[in-house]
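>>> Provided below for reference: sequence and predicted model.
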Amino acid sequence: MAFLPRLRRFCTVLARNEDRGDDLMQATVERALTRIDQWQPGSSLESWMFRIAQNIYIDEVRAQARRGTSIDIDEAVSIAGEDGRAIVEGRSDLNQARAAMAALPDEQRALMALVVLDGRSYKEAAEILDIPIGTVMSRIARARRSIDRALHGEGQGNG
């Protein structure tokens with residue numbers, strides 16, 4: 001129970017949306033409960049569940065790619081008509097950072113959620129996602145550069 005808030009935050013970041021993140025969280029807990037016999041006693045239950053969440057998310061992304069994008073016709077009516085200039089001028093740094101984070105590739109976004117948002121060490125993130133620590137380090141570095149470019153532009157803040 002202690003790590004469920006961290007798992008929820010991870011799911012929300014992966015899904016890029018709080019509602020979809022909650023759905024991913026529910027699917028993760030449900031799968032963990034129905035497949036608890038697959039968990040290795042003595043290993044980290046938390047890491048096992050983070051991997052389940054990531055696998056479910058990847059499966060959902062692949063399924064969505066096969067299905068294509070669906071649009072709710074009622075929502076489509078309200079899409080047009082906003083002043084782009086007013087939207088850009090009204091954005092806060094937080095919204096820009098969120099957009100930059102959402103634009104990251106899934107692998108980088110997952111690691112940023114674990115290391116930057118959740119405060120995990122590179123080693124812990126590597127263990128949770130079952131990847132080498134060098135991969136964690138390079139993905140985090142690329143993610144930080146991408147976010148920095150999105151917030152400060154190509155020629156600034158790259159020190």
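Yep, that arrived.
>>> Pretty sure Gln96 sits against Ala150.
Yes - counting by C-beta atoms under 8 Å, Gln96 does reach Ala150; the two are 6.7 Å apart. The C-beta positions use only the backbone N, C-alpha and C, and glycine is treated the same way.
>>> Can you list the helices and strands that the biggest helix by length in the chain packs against?
Counting residues, the longest helix found in the chain (DSSP state H) is helix 45-67. Packing partners of helix 45-67 (3 or more C-beta pairs under 8 Å, 6 or more residues apart in numbering; DSSP states H and E): helix 4-15, helix 18-34, helix 106-112, helix 122-129.
>>> Rebuild the ones you listed as JSON lines, extending it with mean pLDDT.
Listed next are the helices and strands packed on helix 45-67 as JSON lines, based on pLDDT from 0 to 100:
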{"stretch": "helix 4-15", "mean pLDDT": "88"}
{"stretch": "helix 18-34", "mean pLDDT": "92"}
{"stretch": "helix 106-112", "mean pLDDT": "91"}
{"stretch": "helix 122-129", "mean pLDDT": "90"}
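>>> closest to Ala141 out of the ones you listed?
For Ala141, the closest of the helices and strands packed on helix 45-67 is helix 106-112, at 9.5 Å, according to C-beta to C-beta.
>>> Measure how far the closest one is from the centre of its chain, please.
Helix 106-112 has its C-alpha centroid displaced from the chain centroid by 6 Å (C-alpha atoms, centre = their mean, to the nearest Å).
>>> mind checking which helix or strand of this protein has the lowest mean pLDDT?
Every helix and strand of the chain was ranked by mean pLDDT, DSSP states H and E. The lowest is helix 84-90, at a mean of 54.
>>> could you give the angle of the helix or strand that comes right after it to helix 4-15?
Later in the chain than helix 84-90, the nearest helix or strand by DSSP states H and E is helix 93-103. Compare the direction of helix 93-103 with that of helix 4-15 by axes from the mean of the first three to the mean of the last three C-alpha atoms, to 10 degrees and you get 70 degrees.
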